[in-house]
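Novice: any chance you could fold what I've pasted below:
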Amino acid sequence: MGRIQTPELAQDYIDFLFSPAVAVQDMHSGAIALALNAKTRRLLWGFIKENWEMVYRELSGNMVVLERFLRVGLSKFADGEVEGDIRGFFEGRDNKGYDRGLGVVADTIKGAAAYRERDAGLVREWLGAHGYL
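Specialist: As a prediction, the model looks like this:
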């Protein structure tokens with residue numbers, strides 16, 4: 001289901017994840033699928049921001065579950081701007097119980113962004129030389 005291609009289907013999937021049909025301890029599986037999909041990961045982050053109180057309420061009964069959901073749902077970006085947006089959103093909030101996960105998210109995004117900036121041209125060149133572009 002995470003390979004969906006439209007915002008409408010992504011929203012339906014997110015709504016499903018936060019429905020009674022999905023056990024709290026399984027919600028991170030849907031976050032993984034959406035995060036791995038370049039067409040849906042920003043939608044997931046937007047949903048988290050816009051619905052933070054509900055996300056927190058649903059998942060914070062067990063901080064391991066909340067931390068896992070955030071870590072797997074937000075760590076696939078390769079854009080320093082998004083990392084700054086995530087950092088800014090959680091700045092000043094009580095992040096107790098999931099602060100280490102946010103640190104992993106920040107470090108992972110920064111590393112991916114640095115790799116993308118450093119090697120994007122080389123990768124594009126290789127793809128072109130081997131007929132992928």
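Novice: low-confidence stretches in this protein?
Specialist: When the per-residue scores of the chain are filtered using pLDDT under 70, no range remains.
Novice: regarding it, what is its longest helix?
Specialist: The helix of greatest length in the chain, counted in residues with DSSP state H as the criterion, is given as helix 99-129.
Novice: what about the helices in the chain?
Specialist: Remark: helices of the chain, listed N- to C-terminal, are 7-17, 27-36, 41-50, 52-59, 63-74, 80-90, 99-129; assignment by DSSP H.
Novice: now tabulate those in CSV and tack on mean neighbour count and distance to M1.
Specialist: Quick note: C-beta positions are derived from backbone N, CA and C, even for glycine. Putting the helices of the chain into CSV (neighbours: other Cβ atoms under 10 Å; distance: least, Cβ to Cβ, whole Å) gives the following:
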stretch, mean neighbour count, distance to M1
helix 7-17, 16, 6
helix 27-36, 20, 6
helix 41-50, 18, 13
helix 52-59, 14, 19
helix 63-74, 21, 15
helix 80-90, 15, 23
helix 99-129, 14, 23
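Novice: ok, R42 to K96 distance?
Specialist: Applying Cβ to Cβ, to the nearest Å, the value for R42 to K96 is 27 Å.
Novice: ok now do V24, which residues does it touch?
Specialist: Going by Cβ atoms under 8 Å, 6 or more residues apart in numbering, V24 touches E58, L59, G61, N62, V65.
Novice: now do the contacts for the fourth one.
Specialist: Right, N62. With contacts taken as Cβ under 8 Å, 6+ apart, N62 has the following neighbours: V24, Q25.
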